[in-house]
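Enquirer: For reference, the sequence and a predicted model appear below.
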Amino acid sequence: MKGLTVDRVPLANDISRKSKLGSLDNINAACINISQVLGLYGEMGERSLNMLSTMPQKPMELKKSQRFFAVSDGRSDIFVIKEGWASLAHSTNTSGQGICNIFMPGDIIGMRESFFECHDLIIFPITNCELIKFSGDYLHALCKENEEVRKAITSYVMVNDNVTIERLRSCTHHQSIERVAHFLLEIYARFKFKGLLEGDVFDFPVTQEIVGELLGMTSVHVSRCMTALEQKKIIRKNRSSIKLLKPDEMAENTGFDSDFIYGHVCLG
């Protein structure tokens, strides 16, 4: 796999960074809430955490492939994923689903979009999902009152924007096989940051169609790239998980830089 040289990406191998503010590893999935998730992105005291944990909320369940529309005249609603995977799309008149991101347990859907009024979301569950729904208006009112919450939300949006920037850089600078390898490292790093991964094996229920839409490739091309990475003994895959056999080599060849994404909230 050809790629960028080590001297151009001095931090590329540092892909095991973890939030210095805690992790979700010892938290039962059914107990994941917005205060625990935002607590990974900004330091908050007991008062701030209590304010977040007492916000009005509504549990939701979505079945796999059940399209869910979140339409709002004000700020869009916000959803914490307790279990499952989902993709996010924006309303579009073009062909395709318009998928712009994917989310896994411990992620928040709609946080960035809540800063814009009259912003419609479409959630496509990749698996069966358990979500917690919050009012965007309520959370933004809390932001005005509490500086710690405001900083944590800003940090969360920054991290997710950095993920998108890294993915875009990969798509504009790399060949297809490197794009796929870079995307797998992204998912790996996201698990690591939350403290939800001990080894190098992670759940990966994302379809080739969704990966292709995110990376600007056809599903057939994604399949070929996955096969090539497996034949080169860089990954091992089955129907629902991926094992990275050479994560450091993958980072070297793709220029993946977790420090750019998580540096401001991670241990050195």
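Expert: Yes, it's here.

Enquirer: which residues of the stretch 151-268 of the chain score low on pLDDT?
Expert: 267-268 (pLDDT under 70).

Enquirer: Quick one: the helices in it, in order.
Expert: Along the stretch 151-268 of the chain, counting by DSSP state H, counting those that start in this stretch, helices occupy 176-194, 208-215, 219-231, 247-254, 258-262.

Enquirer: Remind me what the third one packs against, helices and strands.
Expert: Meaning helix 219-231. helix 176-194, helix 208-215, strand 235-237 (3 or more Cβ pairs under 8 Å, 6 or more residues apart in numbering; DSSP states H and E). For glycine as for every other residue, the C-beta is placed from the backbone atoms N, C-alpha and C.

Enquirer: ditto for the shortest one
Expert: The helices and strands touching helix 258-262, judged by 3+ Cβ pairs under 8 Å, 6+ apart, are helix 147-173, helix 176-194.

Enquirer: Give me the contacts around it.
Expert: 11, 14-17, 19, 159, 162-163, 165-166, 189, 192-193, 266 (Cβ atoms under 8 Å, 6 or more residues apart in numbering).

Enquirer: one more time with 7 Å, if that's ok
Expert: Outside of helix 258-262, the residues within contact range by Cβ atoms under 7 Å, 6 or more residues apart in numbering are Leu11, Asp14, Ile15, Arg17, Val159, Asn162, Val163, Glu166, Ala189, Phe193.

Enquirer: is it fair to say the fourth one lies in a strand?
Expert: Right, Arg17. No - going by DSSP: H, G, I helix; E, B strand; the rest coil, the assignment for Arg17 is coil, not a strand.

Enquirer: Tell me the spacing between the closest residue to it other than its chain neighbours and Gly195.
Expert: Of all residues not flanking Arg17 in the chain, Cys266 sits nearest, at 4.0 Å (Cβ to Cβ, 6 or more residues apart in numbering). Distance, Cys266 to Gly195, by Cβ to Cβ, to the nearest Å: 11 Å.

Enquirer: Return every residue with contacts to both of these two.
Expert: The contact lists of Cys266 and Gly195 share Lys18, where a contact means Cβ under 7 Å, 6+ apart.

Enquirer: Who has more neighbours out of the two?
Expert: More neighbours surround Cys266 than the other of Cys266 and Gly195, with 20 against 17 (other Cβ atoms under 10 Å).

Enquirer: okay but that one is in contact with Ser19, surely?
Expert: Yes - if you go by Cβ atoms under 7 Å, Cys266 and Ser19 touch, sitting 6.3 Å apart.

Enquirer: Thank you kindly, that will do.
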